[in-house]
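[1] give me the fold of what follows.
(one chain, ligands or ions: 1)
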Amino acid sequence: MQSPAPYPAARMRRLRRTRALREMVQENGLSAGDLIWPVFIRDGDGVEEPIASLPGVNRLSLDRLLPAAERALVLGIPAICLFPYTAQELRTEDCAEAWNPDNLTNRAIRMLKAELPELMVMTDIALDPYNANGHDGFVVDGQIVNDETVEALVKMGLAQADAGADILGPSDMMDGRIGALRSALEAAGHADVAILSYAAKFASGFYGPFRDAVGAGTRLVGDKATYQINPANREEALACVARDLSEGADMVMVKPGMPYLDICRAVKDRFARPTFAYQVSGEYAMLMAAAQNGWLDGDKVMLESLMSFKRAGCDGVLTYFAPRVAEALRK
Ligand code: PBG
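    Residues are numbered from 1 along each chain as shown. As a prediction, the model looks like this:
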């Protein structure tokens, strides 16, 4: 890298003088096309149910999901990601609702692909919205069992692919899930269904509001430290990304986002594959809470936080701010 000439030959402020000059030399860009919008869905009709810990985010019944998805498409957002709030009686220890072809998520996928085929539909693969105890895997004698869970996750993913999902997002952190899912998809004639692996997913405190949103928080017995990555570990996260890519993941994700930008940069530099970050519920909640108190300028920090992902090498970001960002970028 050529270092700048000594002052006063180089004055860094010369190129910051006007807006036009600043735009000419801007290194990274943020556009609606970089965004994936996570949406919470629930049963019912005409329902838009607020989530206290996620101001501005609602659980939507399917009739309300459709206009919201249409708005996202019009705003240039390429994909939405569905997260179900499962009815209480369907949360069981065997998690059978997860692979029911007519469960809420699969009905939502069919509706969206019929009405808005250009909008990419992403799903989440993990048992937590269906599990009586809030875990991403089956619990046997207090342990989260790996291989039995992988079999269930494959059934869940196949049902989503059958319903028409474009992108599957395994978020469970079991070992071997990507390879098992990829070969099952091939065998079932779903060769073109993409996998965006939650590859570097840390055992984070920032998922709290999400667990409220899907109703898994109060049920969770213990924590997820036996399957999600220790926040202190960078090399382990990179090993998980390498492993998932080698098993057939098309895209990889780092999650949470802002506290893990170093991981985003390392993943992009080392693997040079499509890399996403998830700006998770707790990150959204922090910014919204401060903005609601008048302590931060909400739009400004929203856009700045998203630009940080682009600067860190991400190709795109899952964010609850997606429609608001797309609207702000239009102005
Ligand atoms: C479930 C899942 C979680 C998130 C996405 N999928 C929560 C968890 O692992 O406990 C978190 C998303 C967010 O916090 O916004 N496997």
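[2] quick one: the strands in the chain, in order.
    All strands of the chain, identified by DSSP state E, fall at 35-41, 48-50, 58-60, 79-84, 120-125, 139-140, 143-144, 167-170, 194-201, 251-255, 275-279, 316-319.
[3] export these to JSON lines and tack on mean neighbour count and distance to R107?
    Backbone N, C-alpha and C define where each C-beta goes, glycine included. Compiled in JSON lines, the strands of the chain are given as follows (neighbours: other C-beta atoms under 10 Å; distance: least, C-beta to C-beta, whole Å):
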{"stretch": "strand 35-41", "mean neighbour count": "24", "distance to R107": "9"}
{"stretch": "strand 48-50", "mean neighbour count": "13", "distance to R107": "18"}
{"stretch": "strand 58-60", "mean neighbour count": "21", "distance to R107": "13"}
{"stretch": "strand 79-84", "mean neighbour count": "22", "distance to R107": "10"}
{"stretch": "strand 120-125", "mean neighbour count": "23", "distance to R107": "12"}
{"stretch": "strand 139-140", "mean neighbour count": "15", "distance to R107": "27"}
{"stretch": "strand 143-144", "mean neighbour count": "16", "distance to R107": "28"}
{"stretch": "strand 167-170", "mean neighbour count": "26", "distance to R107": "17"}
{"stretch": "strand 194-201", "mean neighbour count": "25", "distance to R107": "21"}
{"stretch": "strand 251-255", "mean neighbour count": "25", "distance to R107": "25"}
{"stretch": "strand 275-279", "mean neighbour count": "27", "distance to R107": "24"}
{"stretch": "strand 316-319", "mean neighbour count": "24", "distance to R107": "22"}
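[4] compare these and give me the one nearest the ligand.
    Judged by C-beta to the nearest ligand atom, the one of these that comes nearest to the ligand is strand 120-125, at 5.1 Å.
[5] now the terminal residues of stretch 208-220, how far apart.
    With C-alpha to C-alpha, to the nearest Å applied, stretch 208-220 spans 11 Å between its terminal residues.
[6] I meant stretch 305-320, not that one.
    Taking C-alpha to C-alpha as the criterion, the two ends of stretch 305-320 lie 12 Å apart.
[7] what does this protein have sitting close to the ligand?
    For the chain, the residues in contact with the ligand under the definition C-beta under 6 Å from any ligand atom are 124, 126, 128, 136, 171-172, 207, 210-211, 224, 280-281.
[8] what do you get if the cut-off is 5 Å, keeping everything else the same?
    126, 128, 136, 171, 207, 210, 280-281 (C-beta under 5 Å from any ligand atom).
[9] what is the most widely separated pair among those?
    With distance counted by C-beta to C-beta, no two of these lie farther apart than D136 and S281, which are 15.7 Å apart.
[10] all helices of the protein, in order?
    Using DSSP state H, the helices found in the chain span residues 19-24, 62-74, 104-115, 146-163, 177-187, 208-213, 235-246, 261-271, 281-292, 298-311, 322-330.
[11] that'll do, ta.
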